[in-house]
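1. All I have is the shape, not the residue letters:
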């Protein structure tokens with residue numbers, strides 16, 4: 001089974017609003033996760049400007065020897081990215097499903113303030129189910 005190492009959600013101004021570690025070997029502390037989110041936001045923005053293709057929406061996949069980083073940017077500029085095992089397939093589907101969970105359980109929550117860290121129990125529960133229980137359907141395994 002493919003392993004998801006971690007999930008990040010970054011607001012449109014580059015602030016980390018959600019981070020979940022799924023047992024990766026190199027656990028990061030809060031400061032490290034903030035740095036990773038800030039670095040990814042900057043690289044994503046720079047890639048949009050440097051792309052020779054007009055209308056480029058930024059980096060969607062970063063492949064490394066030990067991990068892959070898949071990114072989905074919503075129309076509002078919120079970025080969702082997953083760090084997973086190299087070669088993991090169908091991450092785009094998972095990211096779009098996480099975005100649906102975000103819109104259903106976070107944005108529709110009357111107590112949530114936009115651009116602030118996500119503290120929503122229903123989102124956490126459904127996210128855990130999406131990553132663990134529905135792994136077979138999302139990954140085709």
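-> Yep, that arrived. All values reported here derive from a predicted model rather than from experimental measurement.
2. can you give me the strands in this structure?
-> 4-10, 16-21, 61-63, 68-73, 79-84 (DSSP state E).
3. and the third one, which residues are buried?
-> Same thing as strand 61-63. residue 62 (16 or more other CB atoms under 10 Å). Where C-beta positions appear, they are placed from N, C-alpha and C, glycine not excepted.
4. rounded to a whole number, what's the mean pLDDT of the helix ranked longest in the chain?
-> Identified as the longest helix of the chain according to DSSP state H is helix 30-50. Per-residue pLDDT values across helix 30-50 average out to 88.
5. can you redo the strands of the chain as TSV with distance to residue 129 and mean pLDDT?
-> Output for the strands of the chain, formatted as TSV (distance: least, CB to CB, whole Å; pLDDT from 0 to 100):
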stretch	distance to residue 129	mean pLDDT
strand 4-10	13	92
strand 16-21	13	93
strand 61-63	25	92
strand 68-73	19	94
strand 79-84	16	93
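6. Next, the residues that contact the longest helix of the chain from outside, please.
-> 6, 8, 10, 14-16, 19, 21, 28, 56-59, 69, 71, 73, 79, 81 (CB atoms under 8 Å, 6 or more residues apart in numbering).
7. Distance of the residue sitting furthest away from the middle of the chain relative to residue 125?
-> Centroid-distance maximum for the chain: residue 52 at 25.3 Å, with CA atoms, centre = their mean. Taking CB to CB, to the nearest Å as the measure, residue 52 falls 43 Å from residue 125.
8. I'd like to know which of the contacts of helix 30-50 are buried.
-> Counted by 16+ other CB under 10 Å, those give 6, 8, 10, 14, 16, 19, 58-59, 69, 71, 73, 79, 81 as buried.
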